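[1] Test case, fold it:
(one chain, ligands or ions: 1)
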Amino acid sequence: MKKLKIGTRNSPLALWQAQEVESKLKTLGFETEIVPIISSGDKNLNQPLYALGITGVFTKDLDIALLNKEIDIAVHSLKDVPTQLPHNIQISAVLERDFPEDVLVRNDDSEPLDIEVLKIATSSLRRRAFWLKEFPETEFADIRGNVQTRLKKLDDGIANATIFSLAGIKRMNLDITYEQIPFLLQAPSQGVVAIASLSDNDKLNERLKTISHKETEICVTIEREFLKTLEGGCTAPIGAKAEMLDGKIRFIGRLCSLDGKNCIDTDEIFDWNDSENFGEKIALKVLENGGKELMDEIRKSL
Ligand SMILES: NCc1[nH]cc(CCC(=O)O)c1CC(=O)O
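    Numbers count the residues shown, from 1 in each chain. Okay, here's the model as predicted:
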């Protein structure tokens, strides 16, 4: 049997995630091979992502490899995947979500610092804006690179702290202390590993579907619809979290101005039978309630 080629970025986290997918596929009887591909997002480390002005910097090279049939599937962190996918590429399965929240990691000597006087290294517009909403005086520094690189930069003293997705820390088995930051709403589809494949590869897609985690799929579909309807192709401070509780879904969403001064929040519980287009419906409400003006302002200043 021909081996199924699993494309992935070559960062330690991406490779871990590809191996996780590989072990699921092996249970389906697939023979597999991991194909690491260097992505443009990993090459261009000097600028914050939003400044590159293009979406999909982590996924583009894997999309091309898929379309050229150099790989059969691509494994991504779903939160890095643009909501608008290239023609003939689809997300065919997601793994069960774990540890979706953001956490604060301080460098060793920053312990006694008051939370208000922290300097935080992050290039995420969402993390900055949502943090500034609570602590407007906090300073920020840009930082790029994979989890290990960012920890090294923090050690070098570019800031007192940084913010990570807890999923990344857990998957890398890093022995570092972190603090919960419950006020900082996670990115849409954070903590979720996704498998992309060619939309017309029906036979493969049918089999991929069998390893997809249904509950996670429903939740991230809502979160990504919310994001897609709000952003219209530009990066903005947007958070979203859909959770299933006894057959109901709770959705929490937030859109903020870049300085965190103006935020529009939404928090709704609904039956999961009504979940169709729910993300879009909520986003349209946010846009009507001042979200449109906020998005226009963000687009102008980026
Ligand atoms: N943009 C970087 C990125 N993309 C996915 C993860 C971690 C895994 C995940 O949350 O899905 C990270 C690192 C981070 O945000 O700290």
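[2] Nearest to the ligand: which residue in the stretch 1-150 of the chain?
    Nearest residue of the stretch 1-150 of the chain to the ligand: S77, at 3.4 Å (C-beta to the nearest ligand atom). For the C-beta atoms, the positions are set from N, CA and C on the backbone; glycine is no exception.
[3] Apologies, that question was intended for the stretch 201-302 of the chain.
    Closest point on the stretch 201-302 of the chain to the ligand, by C-beta to the nearest ligand atom, is V220, at 10.5 Å.
[4] neighbours around the closest residue to that residue other than its chain neighbours, how many?
    Spatial nearest neighbour of V220, excluding adjacent residues (C-beta to C-beta, 6 or more residues apart in numbering): S189 at 4.4 Å. Neighbour count for S189, taken as other C-beta atoms under 10 Å: 29.
[5] S189: what secondary structure?
    coil (DSSP: H, G, I helix; E, B strand; the rest coil).
[6] Pull the contacting residues for it.
    Residues counted as contacts of S189 (C-beta atoms under 8 Å, 6 or more residues apart in numbering) are 78-79, 81, 220, 223-224.
[7] out of those, who has the most neighbours?
    Busiest of the contacts of S189 [other C-beta under 10 Å] is E223, holding 29 neighbours.
[8] Can you name the two of the contacts of S189 that sit furthest apart?
    Within the contacts of S189, V81 and E223 form the most distant pair, 12.0 Å apart (C-beta to C-beta).
[9] picking that back up, is the residue of the stretch 1-150 of the chain closest to the ligand in contact with Q17, as I believe?
    Yes. With contacts counted by C-beta atoms under 8 Å, S77 reaches Q17, the gap being 6.9 Å.
[10] Overlap of the contact sets of those two?
    Counting by C-beta under 8 Å, 6+ apart, the residues touching both S77 and Q17 are V193.
[11] how close does the closest residue to L15 other than its chain neighbours sit to L174?
    Nearest residue to L15, sequence neighbours excluded (C-beta to C-beta, 6+ apart): T8, at 6.1 Å. For T8, the distance to L174 (C-beta to C-beta, to the nearest Å) stands at 20 Å.
[12] Which one's more surrounded, these two?
    Under the criterion of other C-beta under 10 Å, the comparison of T8 against L174 puts T8 first, with 25 against 14.
[13] how about that one, phi and psi?
    phi -150, psi 160 (degrees, to the nearest 10).
[14] Isn't it up against T32?
    No. T8 lies out of contact with T32 (C-beta under 8 Å); the separation is 11.5 Å.
[15] hang on, K5 in a strand?
    Yes. With three-state DSSP as the criterion, K5 is part of a strand.
[16] For it, give me its contacts.
    32-33, 35, 70-73.
[17] Point out the residues in the stretch 51-200 of the chain that sit beside the ligand.
    77, 79-80, 164-165, 167-168, 190-192 (C-beta under 6 Å from any ligand atom).
[18] picking that back up, please export the C-alpha coordinates of the host helix or strand of the residue of the stretch 201-302 of the chain closest to the ligand as CSV.
    Taking DSSP states H and E as the definition, V220 sits inside helix 214-231. Extracted C-alpha coordinates of helix 214-231, given in CSV (Å, rounded to 0.1, in the frame of the first residue of the first chain):
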residue,chain,number,x,y,z
LYS,A,214,-17.7,15.7,16.7
GLU,A,215,-18.1,18.0,19.7
THR,A,216,-14.9,19.9,18.9
GLU,A,217,-16.0,20.1,15.3
ILE,A,218,-19.4,21.8,16.2
CYS,A,219,-17.7,24.2,18.6
VAL,A,220,-14.9,25.3,16.2
THR,A,221,-17.4,25.7,13.3
ILE,A,222,-19.3,28.3,15.4
GLU,A,223,-16.1,30.0,16.5
ARG,A,224,-14.7,30.2,13.0
GLU,A,225,-18.0,31.4,11.5
PHE,A,226,-18.0,34.2,14.1
LEU,A,227,-14.5,35.1,13.1
LYS,A,228,-15.1,34.9,9.4
THR,A,229,-18.1,37.1,9.5
LEU,A,230,-16.4,39.8,11.7
GLU,A,231,-12.9,40.0,10.2
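[19] Sweet, I'm off.
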